[in-house]
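**Q** fold the stuff below for me.
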Amino acid sequence: RLDITHAAVITIWLIVKLMVTHPYGLTHGGLLGMKEWEDQYREVVKELQKMEKVTPYLEMREKRG
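**A** Alright, predicted model coming up:
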């Protein structure tokens, strides 16, 4: 029987395993630091903001037919 505690332990183990085995060196040139995470976050936010500007226009066109 899988209880909540056991599921939590498995989940934490999986997250740690993924973090330890992720090939950051190949993709990003080494371990990811906070600056890299923040830079990537800012880039994604900018892209999302661009999409949010376009979406209301597209929805308006669809309503008009």
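**Q** please make it C-alpha for all contacts and neighbour counts, starting now.
**A** Noted.
**Q** in whichever helix in the chain runs longest, what's buried?
**A** Longest helix of the chain, by residue count under DSSP state H: helix 34-64. For helix 34-64, burial by neighbour count (16 or more other CA atoms under 10 Å) applies to no residue.
**Q** mind starting the numbering at 71 from now?
**A** OK, 71 is where the count begins now, so the last one is helix 104-134.
**Q** would you mind measuring from residue 119 to residue 109?
**A** Distance, residue 119 to residue 109, by CA to CA, to the nearest Å: 15 Å.
**Q** cool, residue 90 as well?
**A** The gap separating residue 90 from residue 109 is 22 Å, by CA to CA.
**Q** and residue 87, what element?
**A** Using DSSP states H and E, residue 87 sits in helix 74-91.
**Q** state the mean pLDDT of that helix.
**A** Helix 74-91 shows a mean pLDDT of 87.
**Q** who are the packing partners of that helix?
**A** Helix 74-91 sits against no helix or strand, with contacts defined as 3 or more CA pairs under 8 Å, 6 or more residues apart in numbering; DSSP states H and E.
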